[in-house]
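Q: this one's structure only:
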């Protein structure tokens, strides 16, 4: 049998709708998957790829629509049910048990046993066979935590494949693994395909998508844009469809002429995270850091903020050398950081909007004795949240219940009250809807007009190219190339960040 | 409308439960609402209440302090040892007791913040150490023959109100003020709610943590002074299990064990519920064995209501 078999449709998702509080994640999405087909699912961050796949894997429930599996309508109740139906998913984040062995991980939840007594011998034996099948040279008895990230990812894939799944979902499997191991993964995928397994493959890497997929489905802002055979489309067409609009529609016109240098960094290094980073940032400028996960982009801005401080190198603010050993020192030097993950490191989710907005600047609203002047605090918070158009009816509302876009505005608002000179933005628009994105871009523009300088990390190339005056490309912790605005070219920048 | 009712219930649920408890008790026992009995309840609650205020700080910080009962005993014997008649003026034993408690708390906080060891473990260690220190210091015997002026702290009244109750009220007022009106209070909530976000906001969380545990130790010391003065002796074996009563009061009061959320007001209601239960069940001649079961059920019920939110 030659796969994919376009006469045998294994899965149909029909008119899927899903919303989260404040966001429509999926809007009438249709998807068809054939036996032995490798289908790539692509789109920008927040386009709804992971949501759609999480629905298929039984993790999220959908609001509307139908799922037809092998010709029969099904309602997928939970992850376990999805597995029983032959759907397995490899998640972007690794969900393993680090203190259990490879074999125990692969058989977690379905351990072979005799009368309830674990049969370790049988388990190791079965796992050895599975690993041999995929030509993986990993000892089933090794502890998971002793494996490299790549190996862990491969074990997860082996686990999913060993469930005898008909449909295997992979959410950016190569984002954390090396080129060599990616090759390995592609081999595994092809051998699965030969057995008639269908694969849905979420990826941001275009070259990869063209190499292994039979068809390509594009989502944008929760809507299905197109599904086409890989052989019948091309790179430019895909990018255009993914982005969906000319950059200038979304991004404000930049008119600020950068002034004097406000931040100057010389030979900054920290352990394995980044090495010998030198860069400068001028008044009113937006400077972008482009790079893959693990390229050191986040670590660099964190170290500029003193969290943790760099080990070597010099940081100058306004021409004066400064010692930034803690966030407090950074704040004292007029630096602010909007971190990558607002829930994990930006907000106290159970506390109120007011609480979060004034947290870094409380001293300014307090008497010497430490007593907060609550009226003054409130009026400042009201003012800044109106200025940023934070949509909440009550400043006492818990941040937890707001949409991602509004949460992000709160993280930015709390730093604007500190009146920073230098704003470090790490993925400022991750996971927020297009409207809020646009608002944040407008805001960035306004801030630079007021003389604030912005250093932005982003994994969205169009965002970097749309907002930045210059872009610095990072590759494995080092600067690989710098691009002036006139030199912006998606392919050249991508080439500079790819390992 | 239904939503509003639910919000009202979840915010004031514990208060409503407390009111209902009082109504039920006063119907069942005519002696319950008499002035002397009310003062009795307040005085009995004051020791646990003072300790629980400190525990509230620590639990909002996403921590726990298992050592408060032992620290209370250590502070009690140290204070009492300076309180013999004719030796020192009364402020010396008081300062000695407060210092002892604060020092234990400070050490707890220092190890937790700087060495990043789980609060459960650190304070478990301190619990044993402080108890042992109290026994070593006294050779296992209670410190007796305390001066009259020292004994007044726990035994006297001002305007018919027992001094322990007055101390309790002052502690509640100051604790509540610190948490809700000061920069430090905000930093406590921020550190407990999201430590990374707090640090990225420029808060030196280790300082907040050390201060929080020091407050818990200080208040355990204060409770030790009040208790030893009330019973006119400093016993090294006193205060056993007090940490659990304090944690119960905090949890009944709606403070989350995972940190970041909670109020002194809730804790006080929690402590009062426990106090009223003990007193009421005594008045009704319920056996002390049965009382433990009832107390346990109340704690479980309170937490289950809290999770519903």
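A: Cool, the structure landed. Keep in mind the model is a prediction, meaning the values are calculated, not measured.
Q: For the stretch 101-250 of chain B, just list every one of the helices.
A: B:119-138, B:148-155, B:163-181, B:183-193, B:195-200, B:205-231, B:242-252 (DSSP state H, counting those that start in this stretch).
Q: could you give the angle of the third one to helix B:183-193?
A: The one in question is helix B:163-181. With axes from the mean of the first three to the mean of the last three CA atoms, to 10 degrees defining the directions, helix B:163-181 sits at 80 degrees from helix B:183-193.
Q: Please identify the helix or strand for the residue in the stretch 151-300 of chain A that chain B sits nearest to.
A: Shortest the stretch 151-300 of chain A-to-chain B distance, computed as CB to the nearest CB: residue-wise this is residue A:298, at 12.6 Å. Placement of C-beta: from N, CA and C, glycine included. Secondary structure assigned from DSSP states H and E places residue A:298 in helix A:297-304.
Q: and the nearest residue to residue A:66 once chain neighbours are set aside, how many residues sit next to it?
A: Spatially, and ignoring its direct neighbours in sequence, residue A:66 is nearest to residue A:14 (4.4 Å; CB to CB, 6 or more residues apart in numbering or on different chains). Applying the criterion other CB atoms under 10 Å in any protein chain shown, we find 15 residues in the vicinity of residue A:14.
Q: Would you give the sheet partners of whichever helix or strand comes after the helix holding residue A:298, along with the direction of each?
A: Remark: after helix A:297-304, the chain's next helix or strand is strand A:312-317, criterion DSSP H and E. As defined by DSSP bridges, the strand partners of strand A:312-317 come to strand A:261-270 (antiparallel), strand A:320-322 (antiparallel).
Q: what does the shortest one contact?
A: Under the criterion CB atoms under 8 Å, 6 or more residues apart in numbering or on different chains, residues A:314-316, A:329, A:333 lie in contact with strand A:320-322.
Q: and which of those is nearest chain B?
A: Within the contacts of strand A:320-322, distances to chain B taken as CB to the nearest CB reach their minimum at residue A:329, with 8.8 Å.
Q: Does the closest one touch residue A:306 like I think?
A: Yes: under the criterion of CB atoms under 8 Å, residue A:329 makes contact with residue A:306 at 5.5 Å.
Q: quick one, which of those two is more surrounded?
A: Set side by side, residue A:329 and residue A:306 show unequal neighbour counts under other CB under 10 Å, the larger going to residue A:306 at 26 against 16.
Q: give me phi/psi at the more buried one?
A: Recorded main-chain torsions at residue A:306 are phi 80, psi 30, according to degrees, to the nearest 10.
Q: nearest spatial neighbour of it, skipping sequence neighbours?
A: With CB to CB, 6+ apart, the residue lying closest to residue A:306 is residue A:324, at 4.2 Å.
Q: excluding its backbone neighbours, what's nearest residue A:304?
A: For residue A:304, the spatially nearest residue (CB to CB, 6+ apart) is residue A:424, at 6.2 Å.
Q: Could you do residue B:15 as well?
A: residue B:269 (6.1 Å).
Q: Could you pull up phi and psi at the one you found?
A: Torsion angles at residue B:269 (phi, psi; degrees, to the nearest 10) stand at phi -60, psi -40.
Q: got the contact list for the nearest residue to residue A:267 once chain neighbours are set aside?
A: Using CB to CB, 6+ apart and skipping the chain neighbours, the partner closest in space to residue A:267 is residue A:313 (4.5 Å). Residue A:313 is in contact with A:265-269, A:276-277, counting by CB under 8 Å, 6+ apart.
Q: What is the nearest of these to residue A:105?
A: Closest to residue A:105 out of those is residue A:269 (35.8 Å), distances taken as CB to CB.
Q: how many neighbours does the closest one have?
A: With neighbours defined by other CB under 10 Å, the count for residue A:269 comes to 18.
Q: Verify the stated contact: it with residue A:312.
A: Yes: with contact defined as CB under 8 Å, residue A:269 counts as touching residue A:312 (4.4 Å).
Q: What mean pLDDT does the top strand by length along chain A get?
A: With DSSP state E applied, the strand covering the greatest number of residues in chain A is identified as strand A:5-20. For strand A:5-20, mean pLDDT is 90.
Q: Quick one: list the elements packing against that strand.
A: strand A:23-35, helix A:49-56, strand A:64-69 (3 or more CB pairs under 8 Å, 6 or more residues apart in numbering or on different chains; DSSP states H and E).
Q: Tell me the buried residues in it?
A: By neighbour count on 16 or more other CB atoms under 10 Å in any protein chain shown, the buried set for strand A:5-20 is A:8-13, A:16, A:18.
Q: relative orientation of it and helix A:49-56 in degrees?
A: For the pair strand A:5-20 and helix A:49-56, the angle between their directions (the same axes, to 10 degrees) equals 100 degrees.
Q: Partner strands of strand A:5-20, with direction?
A: Strand A:5-20 sits in its sheet next to strand A:23-35 (antiparallel), strand A:64-69 (antiparallel), going by DSSP bridges.
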